[in-house]
Every structure is written in C-alpha cells, then in structure tokens.
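Asker: build me a model from this:
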Amino acid sequence: MRTANQSPTSQQFGSLHGLGVFCGLGAGVWLGAAEAPTKLVNSGLSPFAISLCMVAGVFTARWTFPTLLKGTRYVVSDLMQKKHLIVWALLAGALWAVANTLTVFAIRDVGLAIAFPLWNANALVGIFWGWLLFGELRGAGRRIISKVMIGGVGIVAAAIMLGFSTIHGGIAVPHHAIRGIVAAAGASLLWGTMYVPYRKAYISGMNPLSFVTAFTVGELGTVLALVLALDGGTHSSVFHSAQVRPMLFWLFLGGFVWVVGDLLQQFAVKYLGIGRGIPLSNTNQLWGLAWGALVFGELSHASIMQMFLVLAGSVIMVLGALSISSAVAGQSERSSAAAALLRECDRYNLDYELTLAEYAGRKFGKQQEKRGWWDYLIIAAAVSIFIWLGRQAEVPPIAMNIYWLAALAMILVITLGACAWALWKTTKFS
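Answerer: Alright, predicted model coming up:
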C-alpha cells in the first residue's frame, strides 16, 4: 500500500525550493524584457493579428528549446508515458492564447500602465487554485502562510504602483475603458487558471519541456482559429498586408524572449507550486519598467510623484519576493503535496516511486536524450527563420539608450546562463 509519507527528504525539498526561487526570479527578468521588442512595432494591425504573429514566434521557440536541451526522443517518450496529460496541455495552450489576445485589447483600450498590473493579479488566482486543488499551504504554519500571502499581495500592489508611475499628465479615462479593464481582468483569471494543467502535469512527473511542446499546439491553433473566426478569416490583414513582414522579426523576437521566461517560470511552478512560483515570476513588472525607463526613456519627464511610485513600488516588490523566497515548505505541507501526487498516481494508474523521482528531478531519462538528425534540422530551421526575418526587419526611428540596452541584454544572458547551470547541475533539466 503506497502512502504519502514516501515524500522526498527535507534536504531534497530545500534544494528544490532554492532552485525554484532562482528560476522564478530569472523568469521575471526575461518576461519583463519580452515587451521590449514589441515597442518597435508601429502598425494598425488588429489585436488578433498581433497575437498570431507573436504566438508564431512562441511556437518556433517552444519547439527549439526542448529539442536543444533534451531531444525529441525524450519529449515524445515523456508525452507517450502520460498520454492523459496531452489534452490538459492543449487546454492550457488555449487558455494562454485567449488571455494573450485579451491583453492586446486591454492595452489598446486602457494602456499598458493600467492593464499590466490588472492581469498580474493572476498571482492571487494561482494561490487560490494551488490551495484548493493541490494542497499548497495546507498544513503550513501561520508564519509560512503569512509570508506567501503578504508577499503575493505585496507584489501585486507594487505592480500597480509601478504601472501608474508610467502615466503622464494624469489618468485619462478612454472611451472603451470598461471594456479594456474587463479584458485585463479576464486575462488575469485565465492566466491564473492556466497553471492548473501545468501543476497537474508536474505532480504526475512530466517534464516542463515536454508539456510546453504539446502546449504550443493548442496555443497556435487557438490563435489561428480566433483570427479566422473574428478577424476577417483568410482576408485578415495579417495574411495580406505589406506592412506585416518588416514587423515580424520584432514580434517573433518578443515571443522568443517570452518563451525563455516562461520555461523558467514553469520550472519555478514545478518546484515551488503555483502559489509561490507565479508571484516570483511576476516581478517581471519591475524589469519591464527598467527597460521602458532606461532604454526607451519613458520616465525622462517623470514628476516627483511618479518617481516616488517607482521607488516605493520597487522596494515593495523586492520585499514581497524576499518574503515568498523565505517561505520554505515544512513537513506537513510537503506531506500534503505528496498526498496530491499520490491521488494523481491512483487516478491514472501511475507508478508512485517513478513519478515521485520525476517530480523531484531525480530521473533524467538519459537513454531517450540521444539526438536524432531531425533534431538538428529543427534547430537549424528555427535559426534560419530568425535570420530570414531579421534581414527584412525595419527599425523605426525610436530613441534608445544603447548603453542601457547592452547592460540589460547582458543581465539577460547572465541570468539565463546561471539558471540553466543550476537546473542542469541539480536535475539535468528534468
């Protein structure tokens, strides 16, 4: 008879907690930079068309990274061992696609400064689902619960302060403000709920790299369906406009950067849970502001009140991240998580010991990681697409600080290298 007491040791959980925190903060760095390339896009394309172009870049990157890190043999083997999770991956992709499209509408109707903080409330949605469905924080002491809740609420509050710091000349109420706010709130709900399939997959032992490979099929399929159904079908401007091609590189690049951040976020969710992983990755608001202010000069004429919001919001966000980072799960909470894992094993007839090893990053699957010739072909095709698009790209006359651009780009590289090294050393990207 299997019992939930067969959970990883406290030392293993401590190591995984630190790794999860590292990945969550790294995700914030990359997700915050994902909006930077899209600032170079100046077009009259519909939100559906913009979303489709970005998701095409996401699709390209999502297939490339798992192939590069594990190989398609490993990914296919992992998916086939847990076929019941494929439909959950497709569902998660559909949720993401609809949420991403809603954010484009929200930005158009109320602006990024108001929309961004609203959809970042997905952290609170995630905390609720993690507690209700997966036993997160159950059995945790008041001190741990307080750290997670205060940290989560603090990060959301800080995001709101940072968002309003970019508003110049007061808050004007657009004609479609209510529609934009509803769109941002809908995106928040969908993105917070999207992590339910992710968490379900991870406690079943599936590798995040395998899950996102199936995820992206649902993602691209949903966005394409939205364009065909609601944006003019095959007559949509995205298929015919001559202005699309010079902008594709920047939209693809934004999708590429987002994928790196999202993969780090998924490893954070795997090793920390929804309630801790999402708030940490939502520190992307701080990095997004850094790109806007330092590279594009968005705060060059900021008032004293705006600078106060930047300073206060930054401090609160850092304190919120520190609060969550220090909330290490105790034995009772770990037992609750192990019980959730046991329920999944019983429901789908999975091997508990094997699933537990996969969940804890102790099963690497080296035999399936041998590369085939097609793996190199996939990587070469992705690189070729970016080179082809880059040769046709046009940089609009937007003032940029090249020195800060180089500095923030270097931070991206260092962060990715450090997170990749930590993941490889601890779990071999498992």
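Asker: check which residues of the helix or strand where Glu344 lies are buried.
Answerer: According to DSSP states H and E, Glu344 maps onto helix 331-348. Neighbour counts over helix 331-348 (16 or more other Cβ atoms under 10 Å) mark 333-342, 344-345 as buried. Just so you know, the C-beta spots here come from the backbone N, C-alpha and C atoms, and that holds for glycine as well.
Asker: and Cys23, how far from Pro397?
Answerer: Using Cβ to Cβ, to the nearest Å, Cys23 is found at 38 Å from Pro397.
Asker: no no, Ala27
Answerer: Taking Cβ to Cβ as the measure, Ala27 falls 32 Å from Pro397.
Asker: these two: which is more packed in?
Answerer: Between Ala27 and Pro397, counted using other Cβ atoms under 10 Å, Ala27 has the larger neighbour count: 29 against 5.
Asker: contacting residues for that one?
Answerer: By Cβ atoms under 8 Å, 6 or more residues apart in numbering, the contact list for Ala27 reads 261-262, 264-265, 268, 280-281, 284.
Asker: now the host helix or strand of it: mean pLDDT?
Answerer: Using DSSP H and E, Ala27 maps to helix 10-33. Averaged over helix 10-33, pLDDT sits at 82.
Asker: just stretch 271-284 next, same as before
Answerer: Per-residue pLDDT over stretch 271-284 has a mean of 89.
Asker: could you export it as CSV, CA atoms only?
Answerer: Provided in CSV are the C-alpha atoms of stretch 271-284 (Å, rounded to 0.1, in the frame of the first residue of the first chain):
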residue,chain,number,x,y,z
TYR,A,271,9.5,23.0,-7.7
LEU,A,272,7.7,25.8,-5.7
GLY,A,273,4.0,25.3,-6.6
ILE,A,274,1.6,27.8,-8.2
GLY,A,275,1.2,29.9,-5.1
ARG,A,276,4.9,30.7,-4.8
GLY,A,277,6.1,30.4,-8.4
ILE,A,278,3.7,32.8,-10.1
PRO,A,279,4.2,35.7,-7.7
LEU,A,280,8.0,35.5,-8.0
SER,A,281,7.9,35.5,-11.8
ASN,A,282,5.5,38.5,-11.7
THR,A,283,8.5,40.6,-10.6
ASN,A,284,8.7,41.0,-14.4
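Asker: what residue lies at the spatial centre of the chain?
Answerer: Closest residue to the average C-alpha location of the chain: Asp262 at 3.1 Å, with Cα atoms, centre = their mean.
Asker: identify the residues contacting that residue.
Answerer: The contact partners of Asp262, taken as Cβ under 8 Å, 6+ apart, are 27, 31, 212.
Asker: correct me, but the last one touches Leu263?
Answerer: Pointing back at Val212 there. Yes - using Cβ atoms under 8 Å, Val212 is in contact with Leu263, at 6.7 Å.
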